[in-house]
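fold the stuff below for me.
(2 chains)
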Amino acid sequence: MAKRAGAALDLGLVRDLALPHLDAAYNLARWIIGSDDDAGDVVHTAFLRAARYVHTYAGGNARAWWLSIVRNCCLATLGARSKREVSLESLESDDLAFERRDDSIEESLHLAQSAALILKELQSIPVEYREVLVLRELEDCSYREIADILSVPIGTVMSRLARARALIRKALTTTGENRHEL
Amino acid sequence: MNCDEARRLLDAYFDRELERSAVDEIEMHLERCEHCRSELAALEELHARLARAPRYKAPPALRRQLETLTDLPAQAEGVRARTAWPSWAMAASLLLSFAFGATVTWLYARNAAQTSPQRLLADDMLNGHLRALAAASPVDVISEDRHTVKPWFAGKVEVAPSVVDLASEGFPLVGGRIDYVGGQRTPVLVYRRRQHVIDVYWMPAAQPPAPEIQQQGYWLSPCRIGGRPVQIVADVDRQELARFCDLLSRP
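Sure thing, here's the model as predicted:
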């Protein structure tokens, strides 16, 4: 009986720690991975992992503990994927460039003002910058939480976030530069 | 403060992550400097634009799946609702699962009897130590100052440990963290000896002193601080361990 009670307790604990932050986990995974199906799979895997390693939770911020597991699972998935599909990324960026040249002024005006452009640009910057932007701007994480999730010092969080913002600003102004300020 | 310094701190200022003194300095600079003000405005504009990026919500199916996974009675409910088994099959499967459960429990109890509670605690501490070594930092609070480390524990564990300063003896304090030992939140003081990390686990008062053992190259050695039992986990050599324990237990 002791064994079964123990297992149930662990699952109960991981449910209390992880499920309140399920949307945050899914959002982070979705932004890192880029597709709904894969994001769901990764969060599911991360949840099982969290249940197995729930004893590593040493008190403190449950969201940071859980999101760091989700992030590690995302990066593992990305790593496995990039080994399989080496050439896809370069193909995609070519497509994107072509599409951009073809945009009419009206279209880019519309794009620049719509969420679609932000979505596209945020999805196109490198993952290490994308993840800090998602954690800070969408999930409203503190620097301390981000440092815990990425397992890096706070100084690194600060410099990476500044660089990420500079990158996305540049991307947004370059794409929207045809736009005339009204 | 000049523009370069201000620019470096501007993101943290915008995110309200700067300490008070730096906030005052940067605000003084912003009053004077139009360029930095426009940079701050750009951060605000970017923040507003990024707010339009989608915040994806977990699909309800995923949430249900994970809830079911952690909620065993609910899971049984779901199975019953979907498939209407004849009652004799239910009875047979209940009997079977009961027999299986009893066997598992018996096996587990037999196993547990062979593993002493002290052994389990030792495993917990060794695992905690290894985990901390593998992590980016072996401590949750980084400080060489015992007056910072002790208050950090207050409110996180039942009894905050006494912290002994041994820097002058060649064992500088690195900080502290909390590990689970025997299912209990246990304060850990972390010291350093050259490149070695030394963990001092603050044991529950009722704990009988554990024997000294060596496992996977790590010493687990009992000691006392001010009459309280502690357990040292480290990979330093035996003499140094003994000296460290001597220093800790000195009144």
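
isn't residue B:219 up against residue B:241?
Yes: at 5.5 Å, residue B:219 counts as touching residue B:241 under the criterion of Cβ atoms under 8 Å. In short, each C-beta sits where N, CA and C put it, glycine included.

what does the domain assignment say about chain B?
Chain B breaks down by automatic domain parsing into domains covering B:3-50, B:60-114, B:117-249.

turn these into TSV, including mean neighbour count and mean pLDDT.
Output for the domains of chain B, formatted as TSV (neighbours: other Cβ atoms under 10 Å in any protein chain shown; pLDDT from 0 to 100):
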stretch	mean neighbour count	mean pLDDT
domain B:3-50	15	92
domain B:60-114	11	65
domain B:117-249	17	84
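
please identify the helix or strand for residue B:99.
helix B:87-114 (DSSP states H and E).

for whichever residue of the stretch 151-251 of chain B sits closest to chain A, phi and psi?
With Cβ to the nearest Cβ as the measure, residue B:178 is the residue of the stretch 151-251 of chain B nearest to chain A, at 4.8 Å. Taking degrees, to the nearest 10, you get phi -120, psi 130 for the backbone angles of residue B:178.

relative to residue B:140, how far out is it?
Taking Cβ to Cβ, to the nearest Å as the measure, residue B:178 falls 7 Å from residue B:140.

what sits in contact with each of the two?
Listed as contacting both residue B:178 and residue B:140 by Cβ atoms under 8 Å, 6 or more residues apart in numbering or on different chains are A:58, A:60.

quick one, domains of chain A?
Per automatic domain parsing, the domain ranges recorded for chain A read A:1-85, A:87-182.

tell me which strands and helices the helix or strand encompassing residue B:175 is in contact with?
Using DSSP H and E, residue B:175 sits in strand B:173-181. With contacts taken as 3 or more Cβ pairs under 8 Å, 6 or more residues apart in numbering or on different chains; DSSP states H and E, strand B:173-181 sits against helix B:117-134, strand B:141-142, helix B:146-153, strand B:184-193, strand B:196-202.

ok, it: who's next to it in the sheet?
Note on strand B:173-181: by DSSP bridges, its sheet partners are strand B:141-142 (antiparallel), strand B:184-193 (antiparallel).

turn those into CSV, including distance to residue B:235.
Listed next are these as CSV, based on distance: least, Cβ to Cβ, whole Å:
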stretch, distance to residue B:235
strand B:141-142, 21
strand B:184-193, 10
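
and of these, who's closest to residue B:234?
Of all the strands paired with strand B:173-181, strand B:184-193 sits nearest to residue B:234, with 7.4 Å by Cβ to Cβ.

show residues contacting that closest one.
A:58-59, B:128, B:132, B:138-139, B:149, B:153, B:156-161, B:163, B:166, B:170-180, B:197-204, B:234, B:236, B:240, B:244.

please apply the same query to stretch B:215-222.
Residues outside stretch B:215-222 that contact it (Cβ under 8 Å, 6+ apart): B:122, B:125-126, B:129-130, B:209-214, B:229-236, B:238, B:241, B:245.

now, which of those residues lie within helices?
Applying DSSP state H to those, the entries found in helices are B:122, B:125-126, B:129-130, B:238, B:241, B:245.

pull the most distant pair out of those residues.
Farthest apart among the ones in helices among the contacts of stretch B:215-222 by Cβ to Cβ are B:130 and B:245. That separation is 21.1 Å.

need the contact list for residue B:39.
B:7, B:10.

pick out the shakiest of the domains of chain A, pLDDT-wise.
Least confident of the domains of chain A, judged by mean pLDDT, is domain A:87-182 with a mean of 75.

please report the distance of residue B:96 from chain A.
Per Cβ to the nearest Cβ, to the nearest Å, residue B:96 is found 16 Å from chain A.
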